[in-house]
Structure formats: C-alpha cells, structure tokens
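Student: sequence first, predicted model second:
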Amino acid sequence: MPHATIIFVIVAAVIFAGLALVKATLGVAKSEGSGEHYLLKKSLFSPAERSFIGVLESLNLPDTRICAKVRLADIFGVKRGLPRGGAQGALNRISAKHVDFLLVQHSDGAPVMGIELDDKSHEEDDRKSRDAFVDGVFRETGLPLLHVSARASYDPRELSRAIEKALDRRESETAPT
C-alpha cells in the first residue's frame, strides 16, 4: 500500500472515531432530558407528610410560613476559616440532606424552627446516624428542631403546644443573662 494511502486510511479512521464519539456524547446529553431517565412523582409528600402538613397548616401560626423538604444547605451556611477542604466537606454533608418542614418568618423568610416527621425508617441505624448529624447542626446553630412521631392522626392542640415549647426553649437559651 502506498504511503499516502496509509496516511489517508489512518486520518479517515481517526475522523470517523472522533465523529462517532461526538455523536455518542451529544446523544447522551440529548437523552438525559428527553424523558428516558426521569418521571414525575405523584406527590411531593408521603401520605404521613400530607396528613401532618394539613394539621400544621390548620394551626394558623402567626407571621409564619411553612416550607417543606428544605435542604439543610439552604438553611445553614459553612463557617469561614475552616482548613482547606474542610468547608467543602462540611457543605457536602449538608447538601444532600433536608428537613421535612421548616417554619420561617413570613416577613423575611428567616428560619424559626425545623420539624422532622419520624416514621419507622428513623429506627434504622443509618437513619439514626443521619438524624444525630442533623440534630447536631440545628443544635450548633441554635435553631430548634422538633421531632414528631408519624401517626395516623394528629391533635392540633398537642402539636401547637409542642411547637410553643420548642420555641420557648430557644428563647430561654438565647435570652441575655
């Protein structure tokens, strides 16, 4: 085979392989949003969460808005001055976790307290570890976190008292002495 023909075959093969790679890459990028990977969930809430939020909304908490499934990274920031990699690690630990419900001030969206609805999954070891971490983040920042056991129904008066108690505890801990 003449030298020029060999070079032509090699160049053609490289171009062909490059085009195939580009096509494959574009095909993957295109398919990721084309409905081949995702589906719409029937509800944002589990049946227990739906029942709970209905009772929570019925309380008509003054000057308060209820947010659901809020990422911890949207509530908490990472302190400055951490060692290299420490800030990113701390951010990574809160980025993929959320609190079931967050009460915020209606006027400015400032967090008031978190509420976790604890179902049977919270009895599993990995979930206990996750809950301990989340509890620690709330405790470290002084934001109250109320744990409520999931059940078939909720007494609005009992829930209201639990919220008031958690908020009173926060105020007494942050009050000047």
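Tutor: Done, it's in.
Student: quick one: neighbours of residue 74, just the number.
Tutor: Using other CB atoms under 10 Å, residue 74 has 14 neighbouring residues. Where C-beta positions appear, they are placed from N, C-alpha and C, glycine not excepted.
Student: and it, backbone torsions?
Tutor: phi -90, psi -10 (degrees, to the nearest 10).
Student: likewise residue 103?
Tutor: Taking degrees, to the nearest 10, you get phi -90, psi 130 for the backbone angles of residue 103.
Student: skipping its backbone neighbours, what lies nearest it in space?
Tutor: Spatial nearest neighbour of residue 103, chain neighbours left out: residue 112 (4.3 Å); criterion: CB to CB, 6 or more residues apart in numbering.
Student: touching, the one you found and residue 63? I think so.
Tutor: No. Using CB atoms under 8 Å, residue 112 is not in contact with residue 63, being 9.0 Å away.
Student: which residues do those two both contact?
Tutor: Residues touching both residue 112 and residue 63 (CB atoms under 8 Å, 6 or more residues apart in numbering) are residue 105.
Student: these two: which is more packed in?
Tutor: residue 112 (20 against 9).
Student: what sits against that one?
Tutor: 64, 102-105, 144, 167.
Student: now do it against residue 101, distance only.
Tutor: 11 Å (CB to CB, to the nearest Å).
Student: what of residue 84?
Tutor: 35 Å.
Student: spell out which residues make up each domain of the chain.
Tutor: When the chain is parsed with automatic domain parsing, its domains come out as 1-37, 47-174.
Student: can you say which of these is packed in most?
Tutor: Among the domains of the chain, domain 47-174 has the highest mean neighbour count (mean count of other CB atoms under 10 Å), at a mean of 14.
Student: strands along the chain, start to end?
Tutor: Along the chain, counting by DSSP state E, strands occupy 64-71, 98-105, 111-118, 145-149.
Student: partner strands of the shortest one and their direction?
Tutor: For strand 145-149, the paired strands and their directions (DSSP bridges) read strand 111-118 (parallel).
Student: just want the angle from the strand it pairs with to strand 64-71.
Tutor: Inter-element angle recorded for strand 111-118 and strand 64-71: 60 degrees (by axes from the mean of the first three to the mean of the last three CA atoms, to 10 degrees).
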